[in-house]
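In: Okay, structure incoming, though there's no sequence with it:
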């Protein structure tokens, strides 16, 4: 067999033709305003990630050090994993019923219906 010209394949997609970067709708702008725990109105959200349930609580307007200290305390009491991202606390599992009294004990409040 002879070696001919290399194939020159062109699909025809041009990246500059109306393509836009996908924006994540969940990210919120962190407020520089720090509030007391009694002035927070927290909300629960539940997401599925890779088939597992994740409980989100937020949005917290506290310094990063206080958020991580509170997260560490809650994870220890609940016996689960979690993290702080964009002012929201994420917990592994469906923990809404167990998490609410622990946060009320820390003087946080919730929006009606959550």
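Out: Nice, thanks for sending it over. Owing to the predicted nature of the structure, the values given are computational and were not obtained by experimental measurement. Numbers count the residues shown, from 1 in each chain.
In: Name every strand pairing with the lowest-mean-pLDDT helix or strand in the chain and say which way it goes.
Out: Ranking every helix and strand in the chain by mean pLDDT, DSSP states H and E puts strand 109-110 at the bottom, with a mean of 86. The strands that strand 109-110 pairs with in its sheet are strand 41-49 (parallel) (by DSSP bridges).
In: tell me which residues in the biggest helix by length in the chain are buried?
Out: Criterion DSSP state H: the longest helix present in the chain is helix 64-78. For helix 64-78, burial by neighbour count (16 or more other C-beta atoms under 10 Å) applies to 67, 70, 71, 74, 75, 78. Glycine gets a C-beta too; all of them are placed from N, C-alpha and C.
In: which stretches of the protein form strands?
Out: 41-49, 52-58, 82-85, 88-92, 109-110 (DSSP state E).
In: which of those strands sits most buried?
Out: With neighbours taken as mean count of other C-beta atoms under 10 Å, these reach their highest mean count in strand 88-92, at a mean of 20.
In: Can you report phi and psi for residue 81?
Out: Note on residue 81: backbone dihedrals following degrees, to the nearest 10 are phi -100, psi 170.
In: give the contact list for the nearest residue to residue 87 once chain neighbours are set aside.
Out: What sits nearest to residue 87 in space, not counting adjacent residues and going by C-beta to C-beta, 6 or more residues apart in numbering, is residue 59, at 4.5 Å. Shown in contact with residue 59 (C-beta atoms under 8 Å, 6 or more residues apart in numbering): 28, 42, 43, 86, 87, 88.
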